[in-house]
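S.K.: got a predicted structure plus its sequence, pasted below:
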Amino acid sequence: MVEFRIDRRTGVATYLQIVQQTKHALRLGLLEPGDQLPTAREVVEATAINPNTVLKAYRELEREGLVEARRGMGTFVRRTLGTRAPEDSALRAELVAWAARARTAGLEKDDVTALCTSVIDESFKGDRT
């Protein structure tokens, strides 16, 4: 099951953080069709956010066809996103090694994020993803 982490410093709306984290989990294969998302109550207890915020995020995911709400049962994953690179893939191993080098070189998490975002944006210029 996915555990949501809310960062109030990002300026990103809380419900969008839940949507983004769910999509990341779908892309990485951490969530698969049939898996149940945490209940709104569980998310509220873990993150101290308003239950309506959780429900808004789940409605957005449902609108996108990624999850479905089953009355009295919860919210379940309908489909995954993208193609999943296996945990032990060569690409992941290269990225882990690169991240370790970046950290050794003194880069902080925000520096690495900015650098990766820049390279990804450049590499996928023109794509509509």
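M.R.: Here it is on my side, so go on.
S.K.: how far away is the residue in the chain sticking out farthest from the centre from Ser118?
M.R.: Most distant from the centre of the chain: Ala105, at 27.1 Å, with distances by C-alpha atoms, centre = their mean. Distance, Ala105 to Ser118, by C-beta to C-beta, to the nearest Å: 16 Å. Yep, even glycine has a C-beta here, placed from its N, CA and C like the rest.
S.K.: where in this structure is pLDDT low?
M.R.: The chain contains residues with pLDDT under 70 at 83-88, 127-129.
S.K.: all the strands of it, in order from the start?
M.R.: Ranges of strands in the chain, per DSSP state E, are 67-70, 74-77.
S.K.: can you give me the helices in this protein?
M.R.: For the chain, the helices defined by DSSP state H cover 14-27, 40-47, 51-63, 90-104, 109-123.
S.K.: make TSV out of these and add mean neighbour count and distance to Met1.
M.R.: Shown next, in TSV, are the helices of the chain (neighbours: other C-beta atoms under 10 Å; distance: least, C-beta to C-beta, whole Å):
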stretch	mean neighbour count	distance to Met1
helix 14-27	19	9
helix 40-47	16	9
helix 51-63	18	14
helix 90-104	11	22
helix 109-123	11	25
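S.K.: so what's Ala99 up against?
M.R.: Val112 (C-beta atoms under 8 Å, 6 or more residues apart in numbering).
S.K.: what separates the most centrally placed residue in the chain from Gly106, distance-wise?
M.R.: The centroid of the chain falls nearest to Gln21 when counting by C-alpha atoms, centre = their mean (2.2 Å). Using C-beta to C-beta, Gln21 is found at 28 Å from Gly106.
S.K.: equivalent analysis for Arg78, please.
M.R.: Distance from Arg78 to Gly106, by C-beta to C-beta: 43 Å.
S.K.: more crowded one of these two?
M.R.: Comparing Arg78 with Gly106 by other C-beta atoms under 10 Å, the one with more neighbours is Arg78, at 15 against 7.
S.K.: wait, that one sits on Arg70?
M.R.: No - taking contacts as C-beta atoms under 8 Å, Arg78 lies outside contact range of Arg70: 10.8 Å.
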